[in-house]
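Asker: Got a predicted model here, sequence first, then my questions.
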Amino acid sequence: LISSATKSLRMETEILEKKLQDAQMKLAEKDGDKEKEIQSLKRLISELEFQLTMEKNNNESFLDKLRKEMKHKSDELEKLTQERTQLIHSLSQVQEENSLLQETVRRECEERCGLTAALSRAREQVLELRRLSGTFP
């Protein structure tokens with residue numbers, strides 16, 4: 001009976017030891033899989049951090065470029081604004097000069113008309129005097 005019980009316990013112990021070994025193998029396999037997954041995730045994190053760093057650098061470079069371009073455009077706008085102001089000032093001066101010249105031309109035309117009328121009257125008077133002097137010896 002004892003021998004049978006011992007044999008039964010040994011068999012049960014062997015079965016339990018086999019189950020324990022299987023469980024330990026599965027646990028080791030799962031640990032290995034988890035370690036592989038951890039390493040894979042670490043590599044992925046490293047790659048993503050590298051990509052993030054590259055994107056940051058690209059963005060900073062792009063922003064620097066945009067800032068420089070904006071500064072250039074701002075300077076150009078300021079220069080064009082100054083040129084526009086100068087052109088408006090020059091236009092104003094030219095318009096004043098034009099008005100002055102038009103007034104001068106108008107006065108000279110009036111004066112010419114007056115002189116032409118006076119010349120016509122003088123001619124008429126000369127003709128009248130000639131006609132009159134032709135009748136009087």
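Answerer: Arrived safely, thanks for sending.
Asker: what about the chain, any weak spots by pLDDT?
Answerer: 135-137 (pLDDT under 70).
Asker: Show me which parts of stretch 26-39 are buried, residue by residue.
Answerer: When burial is assessed from 16 or more other Cβ atoms under 10 Å, stretch 26-39 yields no buried residues. For every residue, glycine as well, the C-beta is placed using N, CA and C.
Asker: Compute the distance from the centre of that stretch to the centre of its chain.
Answerer: In terms of Cα atoms, centre = their mean, to the nearest Å, the centre of stretch 26-39 is set 53 Å apart from its chain centre.
Asker: what ranges do the helices span in the chain?
Answerer: Secondary structure of the chain (DSSP state H): helices located at 2-135.
Asker: Nearest the geometric middle of it, what residue?
Answerer: Geometric centre of the chain, nearest residue: Met70, 6.1 Å, by Cα atoms, centre = their mean.
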